[in-house]
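Chemist: could you look at this predicted model? Sequence included:
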2 protein chains.
Amino acid sequence: MKIESVDFFYLSMPQVLDIGDGSQDALLVRIRAGSYEGWGECEASPLTSIASYVCPMSHSACKPLKYSIEGHAINAVSDIQHISDLVHENSLDLLQADHTLSGIDIALWDLLGKITSEPVYQLAGYKKAYPKLPYASQLFGNTPEETYQKAVNTRVAGYRAVKFGWGPFGKLTLNHDREQLQAARHGFGKDGFLMIDAGTAWGEDVKTACMRLNFLNEVNTYWLEEPFFNMTLKSYQALSVQQPLVALAGGEGCNNFVQAQAMIENAGLSFIQIDAGRIGGITVAKRVADLSAKSGVTYINHTFTSHLALSASLQAYAGLKKHFISEYPIELKSLALDISHEKITPDENGYIHIPEGPGLGITVNTAALLKYLVPVEIKVNGNILYSTPEL
Amino acid sequence: MKIESVDFFYLSMPQVLDIGDGSQDALLVRIRAGSYEGWGECEASPLTSIASYVCPMSHSACKPLKYSIEGHAINAVSDIQHISDLVHENSLDLLQADHTLSGIDIALWDLLGKITSEPVYQLAGYKKAYPKLPYASQLFGNTPEETYQKAVNTRVAGYRAVKFGWGPFGKLTLNHDREQLQAARHGFGKDGFLMIDAGTAWGEDVKTACMRLNFLNEVNTYWLEEPFFNMTLKSYQALSVQQPLVALAGGEGCNNFVQAQAMIENAGLSFIQIDAGRIGGITVAKRVADLSAKSGVTYINHTFTSHLALSASLQAYAGLKKHFISEYPIELKSLALDISHEKITPDENGYIHIPEGPGLGITVNTAALLKYLVPVEIKVNGNILYSTPEL
């Protein structure tokens, strides 16, 4: 079977706010072959990613992604690997390529699963998908009081793990951060897993991060996430051995395997967080999961968007029983919720289950998305290279 | 003084060939403040970079580059550093951002130099610019005979160093590679510096690279460049200690400081090659030069485009006397040559000199570029976000 069409859809909330909520817009990819179609989502700037798909060639190693995909065969997992390799070769110097490839690769796995009637995790080599314990992933409140209320609500909703991140944390006073942390713990109760996401607030600055270790330790933080910019190996390594020891998590910014490998092997991480919508899709994410299983670093999905993206991000480590925690966004904008008919929701024991349907096990609700569709037209030299296709 | 306008110009040869020649198109950036203007060049996909400048915000850490630049102050080097920091914060999740920032940052340095009447290298903290020995950088011929002739021509033209790269090298038989290497050495003569650029031909595969070490050693290769994909730290490290020892060069794919730092500290490199048009501009390139000076790894510019880009790439290590070699492209397409009035050419001793004029010391020949201008229009939600401005 051959890839017949690859279509991108830029979706957005009517208003995008200046907050760390990645569910305010989306870039969906639909790939068709024969009577089948697969869907994927890029966790990326929609317009920039579309441009990288259609741009004219600059030279042999800076070709549009289009070049490596349309018309190629899609019959086996090796075909998806081949396309991933082709993109890395043909678009080596096109920086945006990995973000764009991510949605394409996810759609190809979904498509292949539809063709062979298998869930993606089985195609990827796992016999079984283990349930995961979701942590309710959300932004810090603007005040400790707001964070406290969010934490209470999360506990009442039955979650056994919670993460607060971004917002004012790390950007105001030391005391403010301490109050935010205590509000989170008091609201959530003393037993649950509490994760804190600094959202790269301290750049590369180990000293400023160190000043929060006692406070993080006081509230029994399960991990501190992204204290620094991605790939600041030395800063991560230095912080990871400071007293009191606080486990570090990071890696969501990795856009290829070797960056994740460097973070696993040189950054002193306890948890590696991979977004299949950024790292190059499920193909690359699975390779990172294989490495983390061997390295004693726990693999976690990074997901702050739709349930389509959530299913995609879970597939790569579905079969790793010990890696049982998963990010679960609970503050999704209506756009992100409307993307899929199916929702992945916690069972009575608080665990989520990876869909068993073919492919990603998620059906895109195209009718519901029409109102979010952002029309785009890109013209180069008088020729229309992209115009939003029919949804 | 405030930044009043930032304009992008996509230029291209009428026909772009599927070869590793990065001079076939260009993305120029013009920044104006008061009566001054500065120019920069991104070594990047033009359409994709333009899209990243104008795209709508996705969330707080995925804003268009436009957001961090227009209207900001430009009076001192610290203002350029501030803009670089802002872009990294506001466009953290926009992968293309560093490539786009590169041209902007270069234009800001040029602009500031024009305002203060100083060459960029002085603004960057160097008292003096040392001459550099240019190596004639070119593609391998399609056959060993072609490569031999190119090498002869280069010797006759007076160059004391030469690099051959890309083309068929590393992709055909072992014997073909050996013949290519011998043709290069025989044509160039036994005394000159001979560098070989594998153009990432072997991905991550150390074994395949190792099979060429004897041949590289036979022809006294000064360095082997990019045997592997950028950031494959383990592959580089493993190859760097294999017998016979061949010095390794790499890093052109780095798009920020921490990647270059990882390559310097963990890849066993002898030479770090930085393209100011990719790594985030002169600001970031200078930081890498400072680190390499301390680390005993030799800094080299990566440049395969115009003399505007060449001047920009030389500034970051202008004052490092011991780091005396520089990449000098000799097969530029007419577009790249037409970009600047001034050309940086070897003196009677074979050395090149960094321009002493204000800024980059290069004047853009706008009249000559009209015929290469590629008209682009990007429309989102019915609004024109970008339309090629007047050159």
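Modeler: Sure, I can see it.
Chemist: all contacts plus neighbour counts: C-alpha atoms, from now on.
Modeler: OK.
Chemist: for the residue of the stretch 101-250 of chain A found nearest chain B, give its distance to B:I83.
Modeler: Closest approach of the stretch 101-250 of chain A to chain B (CA to the nearest CA) occurs at A:T232, with a separation of 5.7 Å. Separation of A:T232 from B:I83 (CA to CA, to the nearest Å): 20 Å.
Chemist: likewise A:T154?
Modeler: Counting by CA to CA - A:T154 and B:I83 are separated by 39 Å.
Chemist: what number of residues lie near A:D205?
Modeler: Counted with other CA atoms under 10 Å in any protein chain shown, the neighbours of A:D205 add up to 17.
Chemist: what sits against it?
Modeler: A:F228, A:S235 (CA atoms under 8 Å, 6 or more residues apart in numbering or on different chains).
Chemist: same thing but 10 Å
Modeler: Neighbouring residues of A:D205 by CA atoms under 10 Å, 6 or more residues apart in numbering or on different chains: A:P227, A:F228, A:F229, A:T232, A:S235, A:Y236, A:L239.
Chemist: A:P389 too?
Modeler: A:V6, A:D7, A:F8, A:F9, A:P375, A:V376.
Chemist: looking at those, which are in strands?
Modeler: Using DSSP state E, A:V6, A:D7, A:F8, A:F9, A:V376 are the members of the contacts of A:P389 that sit in strands.
Chemist: and the first one, bridged to which residues?
Modeler: Looking back up the chat, that one is A:V6. A:I31 (DSSP bridges).
Chemist: wait, it touches A:Y67, no?
Modeler: No - using CA atoms under 10 Å as the test, A:V6 is too far from A:Y67 to be in contact (11.4 Å).
Chemist: which residues do the two both contact?
Modeler: Common neighbours of A:V6 and A:Y67 are listed as A:Y53 (criterion: CA under 10 Å, 6+ apart).
Chemist: the more surrounded of these two?
Modeler: With neighbours defined as other CA under 10 Å, A:V6 and A:Y67 compare such that A:V6 has more, 22 against 17.
Chemist: quick check: that one vs B:L101, distance?
Modeler: 30 Å.
Chemist: before we move on, what about A:N383?
Modeler: For A:N383, the distance to B:L101 - CA to CA - is 27 Å.
Chemist: compare the two (neighbour count), which wins?
Modeler: Counted by other CA under 10 Å, A:N383 and B:L101 do not tie: B:L101 has more neighbours, with 30 against 11.
Chemist: what helix or strand is the more buried one on?
Modeler: For B:L101, the host element (DSSP states H and E) is helix B:97-116.
Chemist: run through the neighbouring helices and strands of that helix.
Modeler: Under the contact criterion of 3 or more CA pairs under 10 Å, 6 or more residues apart in numbering or on different chains; DSSP states H and E, the helices and strands touching helix B:97-116 comprise strand B:5-12, strand B:25-33, strand B:36-42, helix B:46-54, helix B:77-90, helix B:120-123, helix B:282-295, helix B:307-315.
Chemist: reformat those as CSV; add distance to A:S306 and mean pLDDT.
Modeler: As requested, those are exported to CSV (distance: least, CA to CA, whole Å; pLDDT from 0 to 100):
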stretch, distance to A:S306, mean pLDDT
strand B:5-12, 34, 98
strand B:25-33, 35, 98
strand B:36-42, 34, 98
helix B:46-54, 23, 98
helix B:77-90, 23, 98
helix B:120-123, 47, 98
helix B:282-295, 35, 98
helix B:307-315, 42, 98
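Chemist: looking at those, which is nearest to B:G170?
Modeler: With CA to CA, the closest approach to B:G170 among the helices and strands packed on helix B:97-116 belongs to strand B:25-33: 25.7 Å.
Chemist: by contact count, what packs against the closest one?
Modeler: strand B:5-12, strand B:36-42, helix B:46-54, helix B:97-116, helix B:334-338.
Chemist: okay, the ones you listed, which one's buried deepest?
Modeler: Ranked by mean neighbour count under mean count of other CA atoms under 10 Å in any protein chain shown, the helices and strands packed on strand B:25-33 are led by helix B:97-116, which reaches a mean of 28.
Chemist: so for the closest residue to A:G165 other than its chain neighbours, what's the pLDDT?
Modeler: In this structure, A:G165 finds its nearest non-sequential neighbour in A:D197, 4.2 Å apart by CA to CA, 6 or more residues apart in numbering or on different chains. A:D197 carries a pLDDT value of 97.
Chemist: quick one: low-confidence parts of chain A?
Modeler: Scanning chain A for pLDDT under 70 picks out nothing.
Chemist: my guess is A:N365 contacts A:S340. True?
Modeler: Yes - with contacts counted by CA under 10 Å, A:N365 reaches A:S340, the gap being 5.2 Å.
Chemist: now A:G158: how far from A:K190?
Modeler: Distance from A:G158 to A:K190, by CA to CA: 14 Å.
Chemist: if you could redo that for A:N153, that was the one I meant.
Modeler: Look at A:N153 and A:K190: by CA to CA, they are 15 Å apart.
Chemist: which of the contacts of A:D205 lies closest to A:S137?
Modeler: A:P227 (16.7 Å).
Chemist: wait, what's in contact with that closest one?
Modeler: A:170, A:196-206, A:208-210, A:235-236, A:239, A:248-250.
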